[in-house]
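Peer 1: Below is the sequence, then the predicted model.
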Amino acid sequence: MYGIPRATLFDKVKERTPLTCTLGAPTVLTKEEENQLANWVINMGKIGYGRTRQELTLTVKQILDKTNRRNPFKNNLPGRHWVEGFLQRHQHISKRTKEALGKERACVTSAKLDKWFNEFETYIKDIESQGDIFDNPMRIFNADESGFALAGKSEKVLALKVHKSQITCLACCNAGGMYLPPMLIFPGVRFKYNPLDGAPAGSCLGRSENGWINSEIFYEWVANHFHTFLVKEKIQLPVILLIDGHSSHINLDTATFCSENGIILYCLPPHASHVIQPLDVSVFKALKTKWNQEVRYFQITHPGENVTKQTFASVFGRAWPKAITPENAINGFKSCGIFPLDKTAIDQKKLLPSTVFASTEPALLSAPDSRGM
């Protein structure tokens, strides 16, 4: 009747193209999808996770891969022109050029930490109406990862040789001294054995090509391990989940899940793990010490053998309970000034004078990466 092609109508019915029209060329994403994407970029900037253009375009690619939508992009990956158009349509997004990380930028100072503590407290109180979350240590969590290198054949008993292959432990505890069972991330995707044989009770398995964590694994951990733990232990929601400032694992799906399930993500300041990350300050050092002791014991009791992917869990499973004491977690949060919230608790000897620090704001959307995306 109106001369509209059947293919166009079909795409509208299947929601492959937006129902509403705008001036100019049609957008690839719906208005709702673009708004969700823009809000994600803005919210990540507020908690210290400035997103890059590459991360933005890869997120769009994930959406297009899932919906099988027609688009002009090669392999569903937008380029520079789409990003510029997106920023024009959402001008409330601040586009700052990310400074190169020089020596001064990597320094952590008292001024930097003061600023972080003030912004952290303000942000939490703004979104947590009752304001009592800082009074309950069971509701404040820290998650971090640590790599364990697998030994090579030429390894000596008293000195671990770094090997390209590693297994990553994703650990998490709260300020009340409770620990989640760890996630152990193994290199490889298929196993002819149970890689968690001998691991701490309740451990979960992650798989990646190199044994490192990625955004998909982190989402799996948050949705199926961390959230499940909160429900099982009847932890009052919302909770705070503090994560290292270098983490690039918070994708749109993870941020949305956390927002919908009472998990407040917040970024610890970069280059400050040795000062303000409870797991780094008080737990991982003890864990690595116990791990090395168990590796030596394994080598003594298994002459000529080294710890492999198949035997890792059993060796790690003996080290884990010796290091993850409630006292280590509680002392870690206290010495980092996280709980009780007290920025004066930080060890000032670990900080550099404020005069050497070049202050920068976290970018909401950084400059193009080396590939021009």
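Peer 2: Received the coordinates, thanks. Numbers count the residues shown, from 1 in each chain.
Peer 1: Check the offset of stretch 200-218 from the chain's centre.
Peer 2: 12 Å (CA atoms, centre = their mean, to the nearest Å).
Peer 1: actually stretch 307-318, not the one I wrote
Peer 2: 25 Å.
Peer 1: Show residues contacting that stretch.
Peer 2: Residues outside stretch 307-318 that contact it (CB atoms under 8 Å, 6 or more residues apart in numbering) are 148, 150-151, 165, 167, 169, 184, 186-188, 191, 193, 195-200, 203, 291, 294-295, 298, 305. From N, CA and C alone the C-beta is placed, and that goes for glycine too.
Peer 1: May I have it as CSV, with CA atoms only?
Peer 2: Provided in CSV are the C-alpha atoms of stretch 307-318 (Å, rounded to 0.1, in the frame of the first residue of the first chain):
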residue,chain,number,x,y,z
VAL,A,307,54.1,-28.5,39.6
THR,A,308,52.1,-28.8,36.4
LYS,A,309,48.5,-27.8,35.5
GLN,A,310,47.4,-31.2,36.6
THR,A,311,49.0,-31.0,40.1
PHE,A,312,48.6,-27.2,40.6
ALA,A,313,45.2,-27.3,42.5
SER,A,314,46.4,-29.9,45.1
VAL,A,315,49.5,-27.8,45.9
PHE,A,316,47.6,-24.6,45.9
GLY,A,317,44.9,-26.2,48.0
ARG,A,318,47.4,-26.8,50.8
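Peer 1: And that stretch, what's buried?
Peer 2: Buried residues in stretch 307-318, counted by 16 or more other CB atoms under 10 Å: 307, 309, 311, 312, 313, 315, 316, 317, 318.
Peer 1: For beta bridges, what are the partners of residue 239?
Peer 2: Applying DSSP bridges to residue 239 gives these bridge partners: residue 263.
Peer 1: tell me the contacts of it?
Peer 2: By CB under 8 Å, 6+ apart, the neighbours of residue 239 are 133, 139, 140, 141, 174, 230, 262, 263, 264.
Peer 1: how much space is there between the third one and residue 120?
Peer 2: For residue 140, the distance to residue 120 equals 11 Å [CB to CB, to the nearest Å].
Peer 1: The second one now?
Peer 2: Counting by CB to CB, the gap from residue 139 to residue 120 is 14 Å.
Peer 1: Among the buried residues of stretch 307-318, which pair sits farthest apart?
Peer 2: Pairwise distances among those were taken by CB to CB; the largest, 16.7 Å, belongs to 309 and 318.
Peer 1: Break down the chain into its helices, ranges please.
Peer 2: 6-13, 31-46, 53-67, 80-89, 110-127, 215-221, 227-232, 252-260, 273-276, 278, 284-301, 309-323, 326-335 (DSSP state H).
Peer 1: buried stuff in the third one?
Peer 2: Okay, so that is helix 53-67. Going by neighbour count (16+ other CB under 10 Å), the buried part of helix 53-67 is 53-64, 67.
Peer 1: for the last one, same thing?
Peer 2: By neighbour count, and taking 16+ other CB under 10 Å as the criterion, the buried residues in helix 326-335 are 328, 329, 330, 331, 332, 333, 334, 335.
Peer 1: That one packs against which elements?
Peer 2: The contact analysis (3 or more CB pairs under 8 Å, 6 or more residues apart in numbering; DSSP states H and E) places helix 326-335 against strand 140-149, strand 166-174, helix 278.
Peer 1: now it, how far from the centre of its chain.
Peer 2: For helix 326-335, the distance to the chain centre is 21 Å (CA atoms, centre = their mean).
Peer 1: Between strand 140-149 and it, find me the angle.
Peer 2: 110 degrees (axes from the mean of the first three to the mean of the last three CA atoms, to 10 degrees).
Peer 1: What count of nearby residues applies to residue 128?
Peer 2: Look at residue 128: counted by other CB atoms under 10 Å, it has 16 neighbours.
Peer 1: mind listing what the closest residue to it other than its chain neighbours touches?
Peer 2: Leaving aside its chain neighbours, residue 128 sits nearest to residue 238 (6.2 Å; criterion: CB to CB, 6 or more residues apart in numbering). For residue 238, the contact set (CB under 8 Å, 6+ apart) comprises 128, 133, 139, 262, 263, 264.
Peer 1: now residue 238: how far from residue 77?
Peer 2: Using CB to CB, one gets 35 Å for the distance from residue 238 to residue 77.
Peer 1: and what of residue 296?
Peer 2: 48 Å.
Peer 1: Looking at the two, which is more packed in?
Peer 2: Between residue 296 and residue 77, residue 77 has the larger neighbour count (other CB under 10 Å), namely 16 against 13.
Peer 1: wait, doesn't that one sit right on residue 58?
Peer 2: Yes - checked against CB atoms under 8 Å, the pair residue 77 and residue 58 is within contact range at 7.3 Å.
Peer 1: which residues do the two both contact?
Peer 2: In contact with both residue 77 and residue 58: no residue, using CB under 8 Å, 6+ apart.
Peer 1: Look at residue 278 and report its pLDDT.
Peer 2: Per-residue pLDDT puts residue 278 at 98.
Peer 1: so who does the residue nearest to it when sequence neighbours are not counted touch?
Peer 2: In space, and not counting its chain neighbours, residue 278 is closest to residue 332: 3.3 Å by CB to CB, 6+ apart. Going by CB under 8 Å, 6+ apart, residue 332 touches 142, 173, 278, 279, 281, 282, 283.
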